[in-house]
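S.K.: Here is the input, now give the coordinates:
(2 chains)
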Amino acid sequence: DAGVTQSPTHLIKTRGQQVTLRCSPKSGHDTVSWYQQALGQGPQFIFQYYEEEERQRGNFPDRFSGHQFPNYSSELNVNALLLGDSALYLCASSFGDARGGYGYTFGSGTRLTVV
Amino acid sequence: AQSVTQLGSHVSVSEGALVLLRCNYSSSVPPYLFWYVQYPNQGLQLLLKYTSAATLVKGINGFEAEFKKSETSFHLTKPSAHMSDAAEYFCAVLTQGGSEKLVFGKGTKLTVNP
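M.R.: Residues are numbered from 1 along each chain as shown, chains lettered A, B, ... in the order given. Next up, the predicted model:
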């Protein structure tokens, strides 16, 4: 059973460019959340998608946007890249109520470096 | 707002020694708490979770954590450290009220010395 798949694994971009990161959730999961993990920090919540809509959002600027497709896969887009956007971007998928014990499954992440 | 604080950004133990990683939470409602482990260049793997059932929670790889409401703590322990336990550990709380999301601590890097 495939877990959460993220692509690409590594990416180098130049300041001002735009980037798209992709995530395929675990089979049977319908909700996708994105997290940014800067070096030496804990993951920070960016946003969550459910039924192809952004359900909630963390404290990130509008340069960060996303999309969820009918097959539940998701994209994270970042425009006008800044050096500070360099981080590991983690995708987590879930189904139903996480408090019920289903929990979150994380992918291995995409390492974005902005130069 | 719910949050967690991890005490100690770095912990170093000898192989075979007790591992104790500290986490305190802040929540106005009964919290749902998690411990995750992250190995270098990898994503997060769930070690264990507390969902208001038993206060002593057993996880994978010999780890366990005890929920103590009076101390607002959820410390992670393992009786005997193994070299393969060297990694970064994150405590997290699940926000409640409307949509859910995980709020993480800043992490504790565990080093195991031979």
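
S.K.: So which residue is dead centre in chain B?
M.R.: Nearest to the mean C-alpha position of chain B, by Cα atoms, centre = their mean, lies B:W35 at 3.4 Å.

S.K.: okay, now the residue in chain B that chain A sits nearest to: neighbour count?
M.R.: Residue nearest to chain A within chain B (Cβ to the nearest Cβ): B:F104, separated by 3.6 Å. C-beta here means a position set from N, CA and C on the backbone, and glycine is covered the same way. Using other Cβ atoms under 10 Å in any protein chain shown, B:F104 has 22 neighbouring residues.

S.K.: low-scoring stretches of the chain, by residue?
M.R.: Since no chain was named, I'll use chain A. A:1-2, A:96-102 (pLDDT under 70).

S.K.: actually chain B
M.R.: Applying pLDDT under 70 to chain B flags residues B:97-99.

S.K.: hmm, try it at 80
M.R.: Scanning chain B for pLDDT under 80 picks out the ranges B:52-53, B:96-100.

S.K.: my guess is B:E88 contacts B:G105, does it?
M.R.: No - look at B:E88 against B:G105 with Cβ atoms under 8 Å: they stay out of range, at 10.7 Å.

S.K.: what about the two, which has more around it?
M.R.: Set B:E88 next to B:G105 and count neighbours by other Cβ under 10 Å: B:G105 wins out with 26 against 20.

S.K.: What separation do you get for that one and B:S27?
M.R.: As judged by Cβ to Cβ, to the nearest Å, B:G105 and B:S27 stand 13 Å apart.

S.K.: hang on, the earlier thing: might one say that the residue nearest to the centre of chain B is in contact with B:A87?
M.R.: No - assessed by Cβ under 8 Å, B:W35 is found out of contact with B:A87, at 11.4 Å.

S.K.: B:V13 sits in which helix or strand?
M.R.: According to DSSP states H and E, B:V13 maps onto strand B:10-14.

S.K.: list the helices and strands that strand packs on?
M.R.: Applying 3 or more Cβ pairs under 8 Å, 6 or more residues apart in numbering or on different chains; DSSP states H and E, one finds that strand B:10-14 contacts strand B:19-26, strand B:108-113.

S.K.: Not counting it itself, show me its contacts.
M.R.: For strand B:10-14, contacts defined as Cβ atoms under 8 Å, 6 or more residues apart in numbering or on different chains pick out B:V19, B:L20, B:L21, B:A81, B:T108, B:K109, B:L110, B:T111, B:V112, B:N113, B:P114.

S.K.: Identify the residue spatially nearest to the third one, adjacent ones excluded.
M.R.: To tie it back to what came earlier, the one meant is B:L21. In this structure, B:L21 finds its nearest non-sequential neighbour in B:L76, 4.3 Å apart by Cβ to Cβ, 6 or more residues apart in numbering or on different chains.
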